[in-house]
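Undergrad: my questions concern the predicted model and sequence given below.
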Amino acid sequence: MKLSSYLIATLKEAPSDAETNSHQLMVRAGMIRKIAAGVYNFLPTGLRVFRKVENIIREEMNRAGAIEVMMPFVTPADLWQKSGRWDVYGKELLRFKDRADRDFCLGPTHEEVVTDLVEREAKSYKNLPLTIYQIQPKFRDEIRPRYGVMRAREFTMKDAYSFDVNEELAEKSYLNMFNAYRNIFDRCGLTYKAVQADSGNIGGSFSHEFMVLAETGEDLVLSCDSCDFAANVETAPCNQVEPLEQSENLESLVEVETPNMTSVDEVAKFLGLKSDRIVKTLVLEADGQLIAVLIRGDHELSLTKLKKVLGVNFLELASEKVLKEANIVKGFCGPVDLNIPIYADYSIKPLKGFATGANKLNFHNINVCWESLNIQEIGSEKAMFSDLREAVDGDRCLSSDCSGILTSTRGIEVGHVFKLGTKYSESMNATFTDQDGKEKNYFMGCYGIGVGRVVAAAVEQNNDENGIRFPLALAPFQIVVISTDKKEGEALLKARELYDYLLNLGYDIAIDDRAESPGVKFKDAELIGIPFQLRIGPKSLAKGVIEFKDRLSGEVLELDQNNFEAIREKIDELL
RNA sequence: CGGGGUGUGGCGCAGUUGGUAGCGCACCUGUUUUGGGAACAGGGGGUCGGAGGUUCGAGCCCUCUCACCCCGACCA
């Protein structure tokens, strides 16, 4: 590629809306440009990197036996109504009507479409197992898109779906994809971790997330210091009941005036208690019903866990309006005499007397005991308490025979694998005929990778003060030949000669033959993240050399300008 | 959706008590430069997000609207 006729859209300054390193660098390097909130153009260099990731994914998918298809971006409502998700999927699903007033949506994921596809085409057990994938745009109308293409509304995803005759074989397919994912992220040169996760909106029983470790990650991962357990905070189990040091002489419940103190910290300070002796009462709306949850003051509620425990689809904190209607005093809510179902986290159990809101403006109760509260039973068991909080640093690892301690790290979720079971094949009534002549539901799995997010994660993980340090496999070009003489002269001729030589041998190479000064070319090459520079100018010509600069090591070598063969060998050594 | 903020040339910004819009970078032309984002000279590009209003006069004041950004269970 001749950069003189290419589009190198580098910027000295980053736009003010770019927050993270990767977002700023991708914009400055001329890889992406925003055209609406969460919607981006990929410019030439950005697209080259994007394609490299895509190709690695495609190669590994094919190698694992998955078959590529392409499903539509626009999908009809009836498929979603069939699975029941038309009503369950919230505002993230962008819906619209066509000219004949028929309902459609932009596909945020493709379980419905693929289940329908396979159901029509693979009616026999002889067609299974089958893993189908596509690399295709998705649209999710996120509440808050951010960090450039890291969390965009329109984004490209590789999504694969496996179909098996039974659970055992479905697990085999799952493992197969899991291993393919390892190969993919290894080849992309990422430092990552596969962690246990929640299967979220997609449903199912078992799943892993692939997390790229980075400080700017939006997820929190807890990993054990002595075994290989790692999980997303949302799901990391923490159902141990830790005894607390506490005096046994219980005093009776007292109301205390706490003027304008609505936060745990304020109340704790005022009452002279530690925040783990305060219990906060969170009021939520769960499928239209109000419920309360008791969480220790120093803990956070995991909506994911609560959702699972309650078995509801819709769960969110009750709005002020709803609270007012229910006569609940915001900021001073408590479990005593509260007339809605109450659930409690395990950590409340050992508390002998604690402080809570008094359901009365500017008052809290102290010396509250859970024994006197009407805590809900869950399911058929009398499980008064359940695991509802997020795990924190220092929690004990709950893997069997492990006494390790959990520590947290931030991560960027670049891939997610789920075992779906028969959730969709049942709801959509998708069946195949088995060997015994009976109709059965497919056992499914689904597997996603955010392509743009992998690119952003790679930038986030590989950069320095000069710009992006792309791993060889992802760099937009692996080599750039730079003529440091902006005029048409001997240096440019030599540069072209070397460029042609390497290009003809099939190297991924560009020549910077723009009429720019040397500094500009060096800066651009480094910002964009090209690993190897071959520099030719009047100075080096006079010395009879070509300079070779390695972006990653910073090493500069002088190579014989007439021995292209040796230059090539040097490159091969490093590639 | 709630709260906050910002919209001025491609990007980053300034713009006084309301008086007819400016700077840096980028871009174009020329000359001089020529190894780490060159210098000088000249030049082009703006209905100041949009609509309405107040005023002799609005980038600035008022109303509405749109877009973008930030924060948001943890206060229950």
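TA: Yes, it's here.

Undergrad: for the rest of this, base every contact and every neighbour count on C-alpha atoms.
TA: Will do.

Undergrad: so where do the helices sit in the stretch 51-200 of chain A?
TA: Remark: helices assigned in the stretch 51-200 of chain A by DSSP state H, counting those that start in this stretch are A:77-83, A:85-88, A:111-121, A:167-187.

Undergrad: please apply the same query to the stretch 251-400 of chain A.
TA: Along the stretch 251-400 of chain A, counting by DSSP H, counting those that start in this stretch, helices occupy A:264-271, A:303-310, A:320-325.

Undergrad: for those, which one sits closest to residue A:218?
TA: Shortest distance between residue A:218 and those, using Cα to Cα, is found for helix A:303-310: 15.7 Å.

Undergrad: what's the closest one in contact with?
TA: For helix A:303-310, contacts defined as Cα atoms under 8 Å, 6 or more residues apart in numbering pick out A:198, A:200, A:234-235, A:313-316, A:378, A:386-389.

Undergrad: pull out the buried members of these.
TA: For the contacts of helix A:303-310, a burial check counting by 16 or more other Cα atoms under 10 Å picks out A:198, A:234, A:235, A:315, A:386, A:387, A:388, A:389.

Undergrad: quick one: the closest residue to the fourth one other than its chain neighbours from RNA strand B, how far?
TA: I take that to be residue A:315. Nearest non-adjacent residue to residue A:315, counting by Cα to Cα, 6 or more residues apart in numbering: residue A:286, 4.5 Å away. Distance, residue A:286 to RNA strand B, by Cα to the nearest atom of the strand, to the nearest Å: 12 Å.

Undergrad: residue A:286: how many residues sit nearby?
TA: When neighbours are counted by other Cα atoms under 10 Å, residue A:286 registers 20.

Undergrad: circling back: nearest to residue A:479 among the buried ones among the contacts of helix A:303-310?
TA: Scanning those for proximity to residue A:479, where the rule is Cα to Cα, the winner is residue A:198, at 41.9 Å.

Undergrad: the closest one and residue A:92, how far apart?
TA: Taking Cα to Cα, to the nearest Å as the measure, residue A:198 falls 19 Å from residue A:92.

Undergrad: still on that earlier bit, so the residue nearest to residue A:315 sits against residue A:311, correct?
TA: No - contact criterion Cα atoms under 8 Å: residue A:286 and residue A:311 do not qualify, at 9.4 Å.

Undergrad: strands of the stretch 1-150 of chain A, start to end?
TA: Counting by DSSP state E, counting those that start in this stretch, the stretch 1-150 of chain A has strands at residues A:32-36, A:39-42, A:67-68, A:74-76, A:95-97, A:103-106, A:130-139.

Undergrad: single out the most deeply packed of these.
TA: strand A:130-139 (a mean of 21; mean count of other Cα atoms under 10 Å).

Undergrad: touching RNA strand B at all, that strand?
TA: No - for strand A:130-139, no contact with RNA strand B is found by Cα under 7 Å from any atom of the strand; the gap never falls below 14.2 Å.

Undergrad: which residue is the nearest non-sequential neighbour of whatever residue of the stretch 251-400 of chain A ends up closest to RNA strand B?
TA: Per Cα to the nearest atom of the strand, residue A:263 is where the stretch 251-400 of chain A lies closest to RNA strand B, at 2.3 Å. Of all residues not flanking residue A:263 in the chain, residue A:331 sits nearest, at 7.2 Å (Cα to Cα, 6+ apart).

Undergrad: and that neighbour, what does it touch?
TA: Residues near residue A:331 by Cα under 8 Å, 6+ apart: A:261, A:262, A:263, A:357, A:361.

Undergrad: do you know how far the residue in the stretch 451-575 of chain A positioned nearest to RNA strand B is from residue A:485?
TA: Nearest residue of the stretch 451-575 of chain A to RNA strand B (Cα to the nearest atom of the strand) works out as residue A:519 at 3.1 Å. Distance, residue A:519 to residue A:485, using Cα to Cα: 11 Å.
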